[in-house]
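Undergrad: Okay, here's the prediction I keep looking at, along with the sequence it came from:
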Amino acid sequence: MNLPSRDHEHAHTPPLGFSKLTPVYDAAIATFTRERVWRTRMVEEVAPQPGDLILDIGSGTGRLAVAIHFAQPGAEYLGVDPDESAVAIARRRAARVGSSASFDVKFFSGTEKIGERQPNKIISSLVLHQTPLNEKRRIIQTAYDTLPHKGLFIVADYGAQRSGLMKFLFRWTVQALDGVVNTQPNADGMLLSLIEDAGFASPEESAVVPTVTGSISIFRALKL
């Protein structure tokens, strides 16, 4: 979950905002975001099937890739991430469990394939809250343009912070680390409308997981 900046071809935000924190990224995410809860729900929404080609935007250190492998070893997985150190960790993690997952060090462009196959499911977790608004739009629109008819788009990320407590926690954790400008559209609940604006049919917020860093939402949408 390492993230494009507005100039997505030249810069990115490393895990937790600083490259030196990459080694502790997994522990921090597991501890402070209730990762097991939202990641399990995300995999349930993805519902990987044999023959699927699942593209993960901002694949980070490979924890989601491994979860998908255990859920359905017959699904193909391709993760893209611009952070070389995170991708190296992901490749080692996948190899340890015998996963065939592939990882590329790159930004999401919409041209990703395995062989001649394009993805029928595109997923992303904890990426969009760190990107500028124009980049959020680009990523979501490119995902829509890339998917085939009936293709599935699943996002797990900080969404609308609805209660005073969630707003407070989000402000003093995520926004303290990642800044307000990029993260506030998520907190204001814009992701659902951005997904709909891209052309997806009837996008829905299928789950909300409260955490000590604010609430994380699961968004599900189809290209019809």
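TA: Yep, it's here.
Undergrad: Distance from whichever strand or helix holds Asp145 to the middle of the chain?
TA: Using DSSP states H and E, Asp145 falls within helix 133-146. Distance of helix 133-146 from its chain centroid, counting by C-alpha atoms, centre = their mean, to the nearest Å, is 13 Å.
Undergrad: Could you give me the buried positions within that helix?
TA: Residues of helix 133-146 classed as buried: Leu133, Glu135, Lys136, Arg137, Arg138, Ile139, Ile140, Gln141, Thr142, Ala143, Tyr144, Thr146 (neighbour count, 16 or more other C-beta atoms under 10 Å). Quick note: C-beta positions are derived from backbone N, CA and C, even for glycine.
Undergrad: cool, stretch 87-101 as well?
TA: Buried residues in stretch 87-101 (16+ other C-beta under 10 Å): Val87, Ile89, Ala90, Arg91, Arg93, Ala94, Ser99, Ala101.
Undergrad: tell me the mean pLDDT for the strand ranked longest in the chain?
TA: Identified as the longest strand of the chain according to DSSP state E is strand 201-211. Averaged over strand 201-211, pLDDT sits at 97.
Undergrad: Quick one: residues in contact with it.
TA: For strand 201-211, the surrounding residues in contact (C-beta atoms under 8 Å, 6 or more residues apart in numbering) are 32-34, 37-38, 41, 45, 153, 159, 166, 169, 192, 195-196, 215-224.
Undergrad: Convert whichever helix or strand comes after that strand to PDB, retaining C-alpha atoms only.
TA: Later in the chain than strand 201-211, the nearest helix or strand by DSSP H and E is strand 214-222. Taking C-alpha atoms only, strand 214-222 is exported to PDB below (Å, rounded to 0.1, in the frame of the first residue of the first chain):
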ATOM      1  CA  GLY A 214     -10.600   6.100  12.200                       C
ATOM      2  CA  SER A 215     -13.100   3.900  10.300                       C
ATOM      3  CA  ILE A 216     -12.100   1.800   7.300                       C
ATOM      4  CA  SER A 217     -14.700   1.100   4.700                       C
ATOM      5  CA  ILE A 218     -15.100  -1.600   2.100                       C
ATOM      6  CA  PHE A 219     -16.400  -0.400  -1.300                       C
ATOM      7  CA  ARG A 220     -17.700  -2.700  -3.900                       C
ATOM      8  CA  ALA A 221     -18.700  -1.900  -7.500                       C
ATOM      9  CA  LEU A 222     -19.300  -3.600 -10.900                       C
END
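Undergrad: thinking again about what came up before, of the contacts of strand 201-211, buried ones?
TA: 33-34, 38, 41, 45, 153, 159, 166, 169, 192, 195, 215-221, 223.
Undergrad: Counting neighbours, which bits of the longest strand of the chain end up buried?
TA: For strand 201-211, a neighbour-count test (16+ other C-beta under 10 Å) marks Pro203, Glu205, Ala207, Val209, Pro210, Thr211 as buried.
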